[in-house]
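# Here is a sequence with its predicted model. Questions after.
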Amino acid sequence: MGGVSQVFNRAKPYLAMISLQFGYAGMYIITMVGLKRGLSHWILVVYRHAVATLVIAPFALLLERKIRPKLTLSTFFKIMLLAFLEPVIDQNLYYVGMQYTSATFASATVNVLPAITFILAVIFRLEKVNVKQVHSIAKIVGTVITVSGAMVMTLYKGPIVNILFYTHEGSRHHAVSSTSNQHWATGTIMLLSCIVGWSAFFIVQSVTLKEYPAELSLTALVCFMGMLESGVAALIMERHMSAWVIGFDSRLLAAAYSGVVCSGIAYYMQSVVNKMRGPVFVTAFSPLSMVITAVLGALILAEQVHLGSLIGAIIIVVGLYSVIWGKSKDLSTSNSTSEKGKDFEELPTAENNTSQSILEGIDVEFPPAIKRKDFE
């Protein structure tokens, strides 16, 4: 049983991140339906984080009341920055980019997230790189390949590829006509900009967790501040109050689902794994959501996948898993180094023990010409 427990503990970060990708895939589809039915993305972000705050705050107050650290001014400013980077900047740019392109393309663009996060982690010294080590070179090469794949997706659209090998004529006509009117270049730029903001969110989150190691409380505070900050942005951008009214339809479902799953639960799970494995590991599983979204998008939204998106996605996956391999080697190397260091500390030398016991057990007054450090 002990062996099974150890395997499960090692697999928990992987299982958490894989499960989260299914949640994100569902969000891409549900929010796309809500946006097509007139829901403003500015207002969606506000409602999303209002729901997340209501769900997460009671658990944070109850479960972390004894371990919650004091909220300092420095931590508060970092929480404000986290709320600005993810709810305000990232999500609004993402929704606009998704409207200009498609849910499948938007989820595929997220594949560049690990590469951008890796670059920022190296800049802020959260990730170590040694060009003399093979796994460090693999991380660098994988990052370059991933960025190249994103450029292919941006610059080359290509013909439509029917990934499910069947076509519903009415849906196909609608999809082709709508696709031809989409502003792919603008949408892609917005999506890539939102990825930079999302990557910066994970970097700041990693730093904040060192000062405020209470994941549920941090999640609740980020969601609350995200609701306030995005609310200010929504009031500026949406002048008609009627836009705030939603009924019991797909718009309410989009706000509730994305709030509970992709803000509340996602922020918490990401913060826990971020503290365990770092920001690069957290972002390393995004290709899975691309595959799920592509299938759901073709089935539910009748979206067409373009050849450029497929080629770019394949290139991104190759580069991405080069980065993951390098990260796994980093973990094994650090574990072996720490074990060796521990073993070295637990094996005292006779010379050190003898000199220390002699100097500590005997109170000797040294002449001025002879100093104690000469014997140490």
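Good, I have the coordinates.

# residues of the helix or strand harbouring residue 34 that come out buried?
Element membership for residue 34, per DSSP states H and E: helix 2-36. Across helix 2-36, burial judged by 16 or more other C-beta atoms under 10 Å covers 13, 16-17, 20-21, 23-35. Glycine gets a C-beta too; all of them are placed from N, C-alpha and C.

# Which secondary structure elements does it sit against?
Using 3 or more C-beta pairs under 8 Å, 6 or more residues apart in numbering; DSSP states H and E as the contact test, the elements touching helix 2-36 are helix 41-63, helix 91-100, helix 103-109, helix 250-257, helix 266-277, helix 279-282, helix 286-300.

# run the last query once more with 6 Å
Packing partners of helix 2-36 (3 or more C-beta pairs under 6 Å, 6 or more residues apart in numbering; DSSP states H and E): helix 103-109, helix 250-257, helix 266-277, helix 286-300.

# Only the C-alpha atoms, please, for the second one, written as CSV.
Extracted as CSV, the C-alpha positions of helix 250-257 are listed here (Å, rounded to 0.1, in the frame of the first residue of the first chain):
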residue,chain,number,x,y,z
SER,A,250,-26.3,29.9,-22.1
ARG,A,251,-25.0,33.3,-20.9
LEU,A,252,-25.6,32.4,-17.3
LEU,A,253,-24.2,29.0,-17.8
ALA,A,254,-21.0,30.5,-19.3
ALA,A,255,-20.6,32.8,-16.3
ALA,A,256,-21.3,30.1,-13.7
TYR,A,257,-19.2,27.4,-15.4
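
# Quick one: residues in contact with that helix.
Where contact means C-beta atoms under 6 Å, 6 or more residues apart in numbering, the residues beyond helix 250-257 that reach it are 30, 31, 33, 34, 37, 39, 44, 47, 48, 51, 246.

# For the stretch 51-200 of the chain, which segments are assigned as helices?
Secondary structure of the stretch 51-200 of the chain (DSSP state H, counting those that start in this stretch): helices at 73-83, 91-100, 103-109, 113-123, 134-155, 169-180, 184-211.

# Measure how far stretch 16-32 is from the centre of its chain, please.
From the chain centre to the centre of stretch 16-32 is a distance of 13 Å (C-alpha atoms, centre = their mean, to the nearest Å).

# circling back: quick one, which of the helices and strands packed on helix 2-36 gets closest to residue 96.
Nearest to residue 96, of all those, is helix 103-109, at 10.0 Å by C-beta to C-beta.

# quick revisit: could I get the contacts of helix 250-257 as TSV with distance to residue 100 and pLDDT?
Shown next, in TSV, are these (distance: C-beta to C-beta, whole Å; pLDDT from 0 to 100):
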residue	distance to residue 100	pLDDT
30	19	87
31	14	85
33	16	83
34	16	85
37	17	84
39	16	86
44	16	92
47	22	94
48	20	93
51	26	95
246	23	84
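
# mind putting these in JSON lines, distance to residue 72 included?
As requested, the contacts of helix 250-257 are arranged in JSON lines below (distance: C-beta to C-beta, whole Å):
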{"residue": "30", "distance to residue 72": "38"}
{"residue": "31", "distance to residue 72": "35"}
{"residue": "33", "distance to residue 72": "42"}
{"residue": "34", "distance to residue 72": "38"}
{"residue": "37", "distance to residue 72": "43"}
{"residue": "39", "distance to residue 72": "38"}
{"residue": "44", "distance to residue 72": "32"}
{"residue": "47", "distance to residue 72": "30"}
{"residue": "48", "distance to residue 72": "28"}
{"residue": "51", "distance to residue 72": "28"}
{"residue": "246", "distance to residue 72": "38"}
